[in-house]
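Asks: I need the structure of the sequence given here:
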Amino acid sequence: MGLLTPLAIRIGAISWMPKLLPQIVWCDRRLQRLTRGRVSILDVAGLPNLTLTVVGRKSGIPRSTPLLCVPHGETWLIAGSYFGGPDMPVWVHNLRAAGAAAITWHRERIPVTAREVDGDERAALWQVMLRTWPNFARYEERTDRLIPVFELSPSLA
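Replies: Sure, this is the predicted structure:
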């Protein structure tokens, strides 16, 4: 956690944030391009993050998305929260279809296997995620959909 993390948590709790997500992603991609991948908005906020690269289920083209993550032992947890917006993030559909992806973590590219968790395991891991980003609870309240949680494990491929 960094100095700006409390501010990021306050901003992330604003109810109209889902409407700004495309602009935030656009700014983040420009910032990463300018810094050659060294800095993202989540870095500035002092939050753990990775870039998920997964092949598009329809296009077959690799797509990269910066995401807040929760390091958990040898794995990473990610949630398809979209700030609690009504729509499922496209990367969720792609990851479900592909099952495998790559992440960039601390500037290192790592192939991963994705596993969507459910039931009691999801509930337990959700609590772990809330310790890093308490706004996940707000996002859950804002949406009618179940926010998917994925565990990403390093793979050999």
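Asks: what's downstream of the helix or strand bottoming out on mean pLDDT in the chain, the next helix or strand?
Replies: Using mean pLDDT, DSSP states H and E, helix 5-12 stands out as the lowest-scoring helix or strand of the chain, at a mean of 74. Moving toward the C-terminus from helix 5-12, the next helix or strand (DSSP states H and E) is helix 17-34.
Asks: and the helix or strand following that next one, which residues are buried?
Replies: Counting by DSSP H and E, the next helix or strand C-terminal to helix 17-34 is helix 41-44. Going by neighbour count (16 or more other Cβ atoms under 10 Å), the buried part of helix 41-44 is I41, L42, D43. From N, CA and C alone the C-beta is placed, and that goes for glycine too.
Asks: and if you look at stretch 35-42?
Replies: Applying 16+ other Cβ under 10 Å to stretch 35-42 flags S40, I41, L42 as buried.
Asks: distance from the chain centre to the longest strand seen in the chain, please.
Replies: Counting residues, the longest strand found in the chain (DSSP state E) is strand 108-117. Relative to its chain's centre, strand 108-117 lies at 12 Å (Cα atoms, centre = their mean, to the nearest Å).
Asks: contact partners of the helix or strand following that strand?
Replies: Downstream of strand 108-117, the first helix or strand assigned by DSSP H and E is helix 119-132. Residues outside helix 119-132 that contact it (Cβ atoms under 8 Å, 6 or more residues apart in numbering) are L47, P48, L68, V70, H72, L77, A79, V117, F136, A137, V149, E151.
Asks: please redo it, this time with the cut-off set to 6 Å
Replies: Contact with helix 119-132 is made by V70, L77, V117, F136, A137, V149, as judged by Cβ atoms under 6 Å, 6 or more residues apart in numbering.
Asks: in contact with the last one, which residues?
Replies: The reference is to V149. Neighbouring residues of V149 by Cβ under 6 Å, 6+ apart: A79, V117, R122, L125.
Asks: repeat the analysis, applying 10 Å as the threshold.
Replies: 70, 77-81, 115-118, 121-123, 125-126, 128-129, 136 (Cβ atoms under 10 Å, 6 or more residues apart in numbering).
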